[in-house]
Structures are given as structure tokens and as C-alpha cells.
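Asks: Quick check, what structure comes out for this input:
(one chain, ligands or ions: 2)
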Amino acid sequence: MEASLLRQCPLLLPQNRAKTVYEGFISVQGRDFHLRIELPEDLQMKNARLLCSWQLKTILNGYHQIVQQRMQHSPDLMSFLMELKMVLETGSDSTGISMKEVALKKKQELCPPPPPPQFYSSLVEEIGILGWDKLVFVDTCLSTIKLKAEDASGRKHLLTLKLKAKYPAESPDCFVDFPVPFSVSWTPQSSLISIYGQFLAALESLKAFWDVMDEIDEKTWVLEPEKPTRSATARRIALGNNASIHIEVDPKHPTMLPESCFLGADHVVKPLGIKLSRNIHLWDPENSLLQNLKDVLEIDFPARTNLEKSDFSMDCGICYSYQLDGAIPDQVCDNPQCAQPFHQICLYEWLRGLLTSRQSFNIIFGECPYCSKPITLKMSGRKS
Ligand SMILES: [Zn+2]
Ligand SMILES: [Zn+2]
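Replies: Residues are numbered from 1 along each chain as shown. Ligands and ions are numbered 1, 2, ... in the order given. Here you go, the predicted structure:
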């Protein structure tokens with residue numbers, strides 16, 4: 001026992017003269033893991049720091065407490081390393097606490113049982129037919145595959161596939177960045193080629209939606225989301241004067257009138273609402289969404305070319321920041337001379353703290369912190 005333990009002893013070498021830093025490898029089940037131990041000046045193990053590679057960290061995940069405890073009680077570095085090795089090797093430490101179950105579970109997570117050989121051969125053949133240039137990523141055990149495609153407008157898209165060991169008997173899980181669910185039809189005769197075909201067909205059907213969204217993103221100032229994904233159907237577009245329009249586009253009917261609401265001071269927003277309802281008959285689904293919005297609202301959206309985003313993204317007058325827990329200042333003082341924007345939550349806290357404020361249902365009436373003119377805050381559950 002003693003001899004065999006010594007033989008497999010972890011190899012750590014001091015890295016400095018004071019012998020407070022050790023680096024080296026610990027070998028577990030035939031694999032070597034890098035680790036580094038930093039000791040305090042008194043070389044006491046109980047105040048040591050263990051730094052290890054992420055692979056080793058993954059294995060140690062369930063043993064954090066035991067490792068900490070062994071560190072507290074080990075008289076010196078060598079005995080701690082022997083303890084650590086025992087924990088890693090057998091799933092129990094010298095006190096005999098059995099960690100077998102945890103250890104087994106961990107092992108399974110690390111390396112799933114290998115699939116049958118035809119799994120690999122059929123997969124490699126399918127990728128060959130599809131074209132290796134479509135392959136962007138594949139992991140070492142061929143269980144995750146990323147394929148790329150370009151749509152008719154030249155946008156690049158990714159399809160991530162998680163293959164199960166029973167592939168192709170079982171359908172792989174597909175992950176895409178689409179605004180609609182992507183469900184593949186799968187038979188045991190299906191292959192990567194059929195999934196890829198369905199992916200291309202879905203790209204084709206979403207082309208009009210992305211064309212609409214791209215035009216908005218290119219030609220207007222989108223305040224939210226900051227970096228729209230291909231699945232994002234909502235946009236908040238700057239209109240100038242601290243006002244904005246929030247639209248929710250239907251990916252299946254992208255040029256139809258979207259669900260929309262205005263945000264900003266009454267004197268700016270009210271006339272826009274009136275125009276929208278007066279001109280609604282002008283809406284023409286043959287035109288792009290942006291063109292329709294311009295026609296119906298009788299406005300030109302502030303263009304990206306001659307303005308900075310900061311021209312629209314005015315900080316909240318209470319907390320002096322722009323982003324606050326994902327919200328932007330969407331409450332604006334109605335006094336045209338003031339027009340100061342606030343976060344809903346900031347204005348709510350402010351008004352609630354004032355004796356002069358009144359509340360009726362979800363509406364609070366108070367005074368603007370800037371100009372002292374009356375201000376109304378309608379509390380909404382809308383995430384903005
Ligand atoms: Zn604020
Ligand atoms: Zn004001």
C-alpha cells in the first residue's frame with residue numbers, strides 16, 4: 001500500500017525560493033491534470049489555495065467540501081496531495097466517506113458511452129455529401145455539430161445539432177436563432193442532408209421578416225434591443241424629442257401593421273397616435289414596414305448617418321444612468337420645456353417618497369423632480 005501510493009505520487013515542484021508556490025501534475029485514471037498550489041508564508045496547508053485546470057475543476061465539482069476539509073486537516077503539502085489523489089481516484093478520502101455514487105455520476109457526465117461504429121461512418125459520409133465547407137464546428141466525440149448557411153439576402157445562419165448515441169434512429173436536437181419554432185420532421189431514414197434541407201426552407205420562409213428587421217436596424221436608431229438577435233421580433237425605435245415607438249413584428253406577416261406603442265412626452269406622442277389612427281388606411285403590406293411607418297406617421301425617422309445614438313439615449317434624471325436592470329428611461333416629463341426622461345422605477349420611488357403625490361389605482365400624480373410641473377406615472381407591467 002505504502003509503496004504503491006508513493007509510486008503514483010503527484011509530481012509537484014516548488015516554483016520559488018520561499019517554496020510557497022508549487023506547480024505540477026496529478027495523474028488520475030491515466031490522465032494528467034495540471035494544478036498549482038499557493039501556500040501562505042507559514043506554509044500551513046489550511047490557508048493554502050488550490051488552483052487547477054478546468055478539467056480537474058469539473059471532476060472536483062462534487063467534492064468541494066471534502067477537498068476543503070482535507071486541506072484544513074492535512075499537516076503538510078504531500079499528505080494533502082495524497083488525500084486529493086485518493087478522492088479523485090476512488091471517490092472516497094482517508095476517512096472512508098464513500099463518494100462512489102457521485103464519482104460514477106461525474107464520470108458518466110465526462111465521457112458518455114461511445115456510440116456504435118456505424119454512427120461515425122454514416123455521419124462522416126453525410127457531412128461529405130453535404131459538403132465539408134458547411135461544417136463550422138464539431139466536438140471531439142462528434143456529438144455537437146454546427147452547420148452554416150446563407151439565405152437569399154446573404155445573411156449567415158447557424159444550425160446547431162446535438163446528436164444522440166442512437167443517431168440516426170433518433171432525431172438530433174436542433175438549435176437555431178429563429179423567431180419561430182423550428183421543428184424537424186424525422187424518420188429513421190432521415191439524415192443531416194434532410195435536416196439541412198429543412199433548415200434552408202425555413203430560412204427562405206423567414207427571409208421577408210429579416211429583410212424588414214434589417215432595414216429598420218440599418219436605417220433607424222434602434223434603442224432596444226441593443227444587439228438584436230435573428231430571433232428578436234421587437235424593436236424600440238427612436239423618433240426624436242425623447243420619444244420612441246415600440247413595435248412587435250409578426251415573423252409570419254412582417255409587413256402587416258405591427259403591434260405598437262409610443263413612449264415619450266404627451267405633446268410629442270399624442271399627435272403621432274392621432275396620425276396613426278387617421279392614416280391607418282394608407283398601410284400597404286406590399287411596402288416595407290419602415291416605409292409604411294413613415295407614411296402613416298408622416299415622419300422621417302432620425303437617420304443613423306447624421307446622429308449619434310447618445311442623441312436619443314438620454315440618461316435618467318434621477319439615477320443619471322441609461323441602462324438600469326435592463327430598462328431604459330421611458331418616462332418623459334410632459335412639460336415641453338423640460339422633457340426630462342426618467343426610468344419608470346426611479347420616478348416611482350421618487351414620487352412615492354413625496355407627501356404631495358397622490359396615487360389612484362396604478363397611476364401616480366406628482367411633481368417632476370426637474371421642473372416641478374405636474375407629472376403622471378402610469379405603472380405598467382411591460383418590461384422595457
Ligand atoms: Zn433612473
Ligand atoms: Zn419636468
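
Asks: Which helix or strand lies directly C-terminal to whichever helix in the chain runs longest?
Replies: Ranked by residue count, the top helix of the chain under DSSP state H comes out as helix 192-219. Sequence order places strand 222-224 as the next helix or strand after helix 192-219, per DSSP states H and E.

Asks: Direction included, what does that following strand pair against?
Replies: strand 234-240 (antiparallel) (DSSP bridges).

Asks: what separates the closest residue to ligand 2 within the stretch 101-250 of the chain from residue 365, distance-wise?
Replies: The nearest approach of the stretch 101-250 of the chain to ligand 2 comes at residue 242, 11.2 Å away (CB to the ion). Every residue, glycine included, has its C-beta placed from N, CA and C. Here the criterion is CB to CB, to the nearest Å. By it, residue 242 lies 21 Å from residue 365.

Asks: more crowded one of these two?
Replies: residue 242 (22 against 14; other CB atoms under 10 Å).

Asks: Okay, now the unreliable bits of this protein?
Replies: Across the chain, the ranges flagged by pLDDT under 70 are 1-11, 29, 89-115, 117, 305-313, 381-384.

Asks: let's see 50
Replies: Low-confidence segments of the chain (pLDDT under 50): 1-7, 93-109, 382-384.

Asks: for ligand 2, what are the nearby residues on it?
Replies: Contacts of the chain with ligand 2, taken as CB under 5 Å from the ion, map to 333, 335, 338, 368, 370-371.

Asks: Can you give me the neighbour number for the closest residue to residue 302 other than its chain neighbours?
Replies: Take residue 302 and drop its neighbours on the chain: the residue closest to it by CB to CB, 6 or more residues apart in numbering is residue 240, 5.0 Å away. Neighbourhood size, residue 240 [other CB under 10 Å]: 16.

Asks: what's near enough to touch the nearest residue to residue 75 once chain neighbours are set aside?
Replies: Residue nearest to residue 75 in three dimensions, not counting chain neighbours: residue 45, with 7.0 Å by CB to CB, 6+ apart. For residue 45, the contact set (CB atoms under 8 Å, 6 or more residues apart in numbering) comprises 39, 71-72, 74-77, 80.

Asks: What are the phi and psi values at residue 45?
Replies: Backbone geometry at residue 45, expressed as degrees, to the nearest 10, gives phi -60, psi -30.

Asks: residue ranges of the helices in this protein, please?
Replies: 2-7, 54-60, 64-73, 77-90, 100-110, 117-130, 192-219, 266-279, 289-297, 344-352.

Asks: got the angle for the third one vs helix 77-90?
Replies: Read it as helix 64-73. Computed by axes from the mean of the first three to the mean of the last three CA atoms, to 10 degrees, the angle separating helix 64-73 from helix 77-90 equals 160 degrees.

Asks: How about the longest one?
Replies: If you take the same axes, to 10 degrees, helix 192-219 sits at 120 degrees to helix 77-90.

Asks: Buried residues, helix 192-219. List them.
Replies: Within helix 192-219, the residues that qualify as buried are 192, 194-196, 198-200, 202-203, 206, 208-213, 216-217, 219, counting by 16 or more other CB atoms under 10 Å.

Asks: cool, the last one as well?
Replies: For helix 344-352, burial by neighbour count (16+ other CB under 10 Å) applies to 344-348, 350-351.

Asks: circling back to that earlier point, and the two most separated of the residues of the chain next to ligand 2?
Replies: 335 and 370 (8.4 Å; CB to CB).

Asks: which residues are in contact with both of these two?
Replies: By CB under 8 Å, 6+ apart, no residue touches both residue 335 and residue 370.

Asks: And the residue of the stretch 151-300 of the chain closest to ligand 1?
Replies: For the stretch 151-300 of the chain, CB to the ion, closest residue to ligand 1: residue 242, 14.0 Å.

Asks: now that we're looking at that residue, which residues does it contact?
Replies: Residue 242 touches 264-265, 268, 312, 314, 332, 339, 341, counting by CB under 8 Å, 6+ apart.

Asks: could I get those as TSV with neighbour count and distance to ligand 1?
Replies: Formatted as TSV, the contacts of residue 242 follow (neighbours: other CB atoms under 10 Å; distance: CB to the ion, whole Å):
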residue	neighbour count	distance to ligand 1
264	23	16
265	21	17
268	20	20
312	22	16
314	16	11
332	27	13
339	20	16
341	24	9
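
Asks: Near ligand 1, which residues of this structure are found?
Replies: Counting by CB under 5 Å from the ion, the chain sits next to ligand 1 at 316, 318-319, 343, 346.

Asks: list the contacts for the residue positioned nearest the centre of the chain?
Replies: Among the residues of the chain, the one closest to the centroid is residue 229, at 10.2 Å (CA atoms, centre = their mean). The contact partners of residue 229, taken as CB under 8 Å, 6+ apart, are residue 177.

Asks: let's see it at 10 Å
Replies: 177-179 (CB atoms under 10 Å, 6 or more residues apart in numbering).

Asks: Return the distance of it relative to residue 160.
Replies: Distance from residue 229 to residue 160, by CB to CB: 14 Å.

Asks: so what sits against both of the two?
Replies: Joint contacts of residue 229 and residue 160 (CB under 10 Å, 6+ apart) are residue 177.

Asks: phi, psi of the closest residue in space to residue 220 that isn't next to it in sequence?
Replies: The shortest distance from residue 220 to any non-neighbouring residue, by CB to CB, 6+ apart, is to residue 301 (4.3 Å). With angles defined as degrees, to the nearest 10, residue 301 sits at phi -70, psi 140.
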